[in-house]
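Chemist: Give me a 3D structure for the following:
(chains A and B, ligands or ions: 2)
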Amino acid sequence: MTPPQRKRRQPDQDHLPPLPSVPPAPEHGGEEGDNKNPERLYVISGSDGARAELDLVTLIVARADPPPSVTPEQTVLLRLCTAPLSVAELSAYLNLPFSAMTALITELITAELVQARAPIVRQALPDRSLLEAVMHGLQKL
Amino acid sequence: MDFKSSDTIPGPRTEDHLPHTAQAAVKIVIVGGFGVGKTTMVGSVSEIRPLTTEETMTQAGIGVDDNYGSESKTATTVAMDFGRISITDQLVLYLFGTPGQERFWFLWNGLFEGALGAVVLIDTRRLEVSFDVMGRLEERGVPFVVAVNSFPDGPRYPIEELRTALDLSPEIPIIECDARRRASSRDVLMTLMRFLHSLAMSGALT
Ligand SMILES: Nc1nc2c(ncn2[C@@H]2O[C@H](COP(=O)(O)OP(=O)(O)O)[C@@H](O)[C@H]2O)c(=O)[nH]1
Ligand SMILES: [Mg+2]
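Modeler: Numbers count the residues shown, from 1 in each chain, chains lettered A, B, ... in the order given. Ligands and ions are numbered 1, 2, ... in the order given. Prediction:
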């Protein structure tokens, strides 16, 4: 039996960022049926520039006890992150979509009630010692 | 959710708390077609019970100025499961298993761009379901390894036959695994890390 055959693709230099902050303008003449890129018809609900900096794995840590001025959701969030928790974990525990979560957290960052610890992302200049640390950690599993 | 009863909000178990010294996190994405074993792999290596995060995608493109709600918008919820592995007191690794609807994977801003790399899980009974995602990773320059999840009734191809079929260059690792076993899933992640390290050494990681 012969497996099906794939064809490799090349890196796309001018690949558009996957998330337009403004919904793409409607294409004139283009009909739904032959749209080549259906994902571009979708945007993350209510997304805006200010929230884009929080990653799924940004670690959030409370800097203070919840003051009376914050909302009930934010009170819960502040109690949850007395120890560091990723935005993804907060979203899971609070049962809130990621973008709603980042909106809440952004307010708390502005109010200096939480600290955000940015993730280490893949870079053009790779950090070998980081990769080695991860390998070492996995070996202990 | 009733936020008034904040004492009953589920949170991490005490033993699942990260130390205060945790400074930064990294992430790896596990992709593959439905039923290929992504959730199983996340669960087998995670130190916490796997969790689910979701995002709401709104269908746009009907019109830009439709703030008046006069045009209907379709919202779709995309769910992703994830797990966690503490690497050191300072560093945490998160593993994300992508959701079923492939067209949404690359909309989740930063999911792939920030990831150290990806694992493409394949099922030899349905190889072609992974073709598109591999192409998209290549277009975005996201390094990946291929893990063949061995299902008992799946055809077994020699690795080099798979490499030819998947049109993968010789340096990209292809390994067999059993996503249900922690040691096997750990080996897949180690293979990815060694591959990333070799790319870093050769200066090819962009
Ligand atoms: N035989 C075998 N079954 C597996 C393996 N990995 C997952 N499964 C089973 O395949 C089914 C689908 O796995 P799941 O992780 O939910 O797939 P997902 O849709 O990619 O998240 C489950 O019933 C698993 O128990 C494997 O390595 N070998
Ligand atoms: Mg799953």
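
Chemist: hey, let's count contacts and neighbours off CA atoms from now on
Modeler: Noted.

Chemist: Please, where are all the helices along chain B?
Modeler: B:38-45, B:131-140, B:159-166, B:182-201 (DSSP state H).

Chemist: Over the second one, what's the mean pLDDT, rounded is fine.
Modeler: So that's helix B:131-140. Averaging pLDDT along helix B:131-140 yields 89.

Chemist: quick one, what contacts the residue in chain A positioned nearest to ligand 1?
Modeler: The nearest approach of chain A to ligand 1 comes at residue A:92, 17.1 Å away (Cα to the nearest ligand atom). Contact analysis of residue A:92 by Cα atoms under 8 Å, 6 or more residues apart in numbering or on different chains lists B:51-54.

Chemist: Downstream of the helix or strand where it lies, the next helix or strand is which one?
Modeler: Using DSSP states H and E, residue A:92 falls within helix A:87-94. In the C-terminal direction, the helix or strand that comes right after helix A:87-94 (DSSP H and E) is helix A:98-110.

Chemist: by contact count, what packs against that next one?
Modeler: helix A:87-94, strand A:114-117, strand B:51-59 (3 or more Cα pairs under 8 Å, 6 or more residues apart in numbering or on different chains; DSSP states H and E).

Chemist: what about 10 Å?
Modeler: Taking 3 or more Cα pairs under 10 Å, 6 or more residues apart in numbering or on different chains; DSSP states H and E as contact, the helices and strands that helix A:98-110 lies on are strand A:59-62, helix A:72-80, helix A:87-94, strand A:114-117, strand B:51-59.

Chemist: Check which residues of that helix are buried.
Modeler: Across helix A:98-110, burial judged by 16 or more other Cα atoms under 10 Å in any protein chain shown covers A:98-103, A:105-106, A:108.

Chemist: Please name whichever of those residues scores lowest on pLDDT.
Modeler: Of all the buried residues of helix A:98-110, residue A:99 carries the smallest pLDDT score, 89.

Chemist: Residue B:58 is in contact with that one, correct?
Modeler: No - using Cα atoms under 10 Å, residue A:99 is not in contact with residue B:58; the gap is 11.9 Å.

Chemist: With distance to residue B:198 and mean pLDDT as added columns, please give the helices and strands packed on helix A:98-110 in JSON lines.
Modeler: Shown next, in JSON lines, are the helices and strands packed on helix A:98-110 (distance: least, Cα to Cα, whole Å; pLDDT from 0 to 100):
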{"stretch": "strand A:59-62", "distance to residue B:198": "28", "mean pLDDT": "97"}
{"stretch": "helix A:72-80", "distance to residue B:198": "39", "mean pLDDT": "94"}
{"stretch": "helix A:87-94", "distance to residue B:198": "30", "mean pLDDT": "96"}
{"stretch": "strand A:114-117", "distance to residue B:198": "28", "mean pLDDT": "96"}
{"stretch": "strand B:51-59", "distance to residue B:198": "32", "mean pLDDT": "86"}
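
Chemist: Just send these back as TSV, with distance to residue B:40 too.
Modeler: Compiled in TSV, the helices and strands packed on helix A:98-110 are given as follows (distance: least, Cα to Cα, whole Å):
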stretch	distance to residue B:40
strand A:59-62	25
helix A:72-80	27
helix A:87-94	18
strand A:114-117	29
strand B:51-59	12
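
Chemist: Secondary structure element holding residue A:12?
Modeler: Under DSSP H and E, no helix or strand contains residue A:12.

Chemist: since we're on it, how many residues are nearby?
Modeler: Neighbours of residue A:12 under the rule other Cα atoms under 10 Å in any protein chain shown: 12.

Chemist: got it, and residue B:38?
Modeler: What residue B:38 shows, counting by other Cα under 10 Å, is a neighbour count of 29.

Chemist: any idea how far it lies from ligand 1?
Modeler: Per Cα to the nearest ligand atom, to the nearest Å, residue B:38 is found 4 Å from ligand 1.

Chemist: With adjacent residues omitted, what lies nearest to that residue?
Modeler: Leaving out its chain neighbours, the residue that sits closest to residue B:38 by Cα to Cα, 6 or more residues apart in numbering or on different chains is residue B:97, at 5.4 Å.

Chemist: Equivalent analysis for residue A:74, please.
Modeler: That would be residue A:104: by Cα to Cα, 6+ apart, it lies 6.9 Å from residue A:74.

Chemist: Contacts only, for that neighbour.
Modeler: A:51, A:71, A:73-74, A:77 (Cα atoms under 10 Å, 6 or more residues apart in numbering or on different chains).

Chemist: go on, residue B:178?
Modeler: B:37, B:40-41, B:44, B:147-151, B:184-185, B:188.

Chemist: so what's residue 88 closest to, chain neighbours aside?
Modeler: Picking chain A for this. residue A:56 (4.9 Å).

Chemist: try again with chain B
Modeler: Per Cα to Cα, 6+ apart, closest to residue B:88 is residue A:137, 6.7 Å.
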